[in-house]
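# Quick one, structure for this:
(chains A and B)
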Amino acid sequence: DSGVTQTPKHLITATGQRVTLRCSPRSGDLSVYWYQQSLDQGLQFLIQYYNGEERAKGNILERFSAQQFPDLHSELNLSSLELGDSALYFCASSVETRGERFFGPGTRLTVL
Amino acid sequence: ILNVEQSPQSLHVQEGDSTNFTCSFPSSNFYALHWYRWETAKSPKALFVMTLNGDEKKKGRISATLNTKEGYSYLYIKGSQPEDSATYLCAFNNAGNMLTFGGGTRLMVKP
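Residues are numbered from 1 along each chain as shown, chains lettered A, B, ... in the order given. Take a look at the predicted model:
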């Protein structure tokens, strides 16, 4: 158990819908990262927040957005969902940006 | 786009064999190189974070080396065991703080 929690574990929804994935980092970690793992693809970095502010952006689509709240939990919002958005979404946290990432258990999103 | 490549993509070995994998990454803007172990149905877990050229790290039967000037890292597993079966990911951390993952090496150890 890494200490990072993610909810829900599984999510099944339809194209065009909007969903919110939630992540709570390890106690004391200020950085939160979101990653996407699609079928046959590696882990793709989406976005990083540090203490409530966006710090780095990766291959995140405009239909996706994220935020980090004062209590440091983070939410990833995915809208106008397409079939290709079906993936495993991981949240990770770290003490510092050079440090190891502690990954949550992931949320498996299925878009039908 | 940062290019982080791992080879081989997959590897089948017998229990007791020693093995190694390669990770190549850009040699500029180096900040850190991470290795993660990812077992099926679990989430990635860090093995090593390496920051200095020439770094060597060891954890039990697993060790890693780092060459930042030429942009490669090796992960070694001595005397592979079935429980070592997993995907091993390397990730390059550049000065911009992004962590770019390689595609992974999938190791299967047969008893």
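
# How far does stretch A:1-20 stretch from one end to the other?
Length of stretch A:1-20, first residue to last, Cα to Cα, to the nearest Å: 23 Å.

# who in chain A is up against chain B?
With Cβ under 8 Å from any Cβ of the partner chain as the criterion, chain A meets chain B at residues A:2, A:33, A:35, A:42-45, A:48, A:55-56, A:58, A:90, A:97-106. For every residue, glycine as well, the C-beta is placed using N, CA and C.

# Buried ones only from those residues, please, as a PyMOL command.
Buried residues within the residues of chain A next to chain B, by 16 or more other Cβ atoms under 10 Å in any protein chain shown, are selected in PyMOL with:
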select buried, chain A and resi 2+33+35+42+43+44+45+48+55+56+58+90+97+99+100+101+102+103+104+105+106
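
# So which of the residues of chain A next to chain B sit within strands?
A:33, A:35, A:43, A:44, A:45, A:48, A:55, A:56, A:90, A:102, A:103 (DSSP state E).

# quick one: contacts for the last one?
With contacts taken as Cβ atoms under 8 Å, 6 or more residues apart in numbering or on different chains, residue A:103 has the following neighbours: A:2, A:4, A:90, A:91, A:92, B:43, B:44, B:45.

# and the closest residue to the fourth one other than its chain neighbours, what helix or strand is that in?
Counting by Cβ to Cβ, 6 or more residues apart in numbering or on different chains, residue A:91 lies nearest to residue A:23, which is 3.3 Å off, once chain neighbours are set aside. Element membership for residue A:23, per DSSP states H and E: strand A:19-24.
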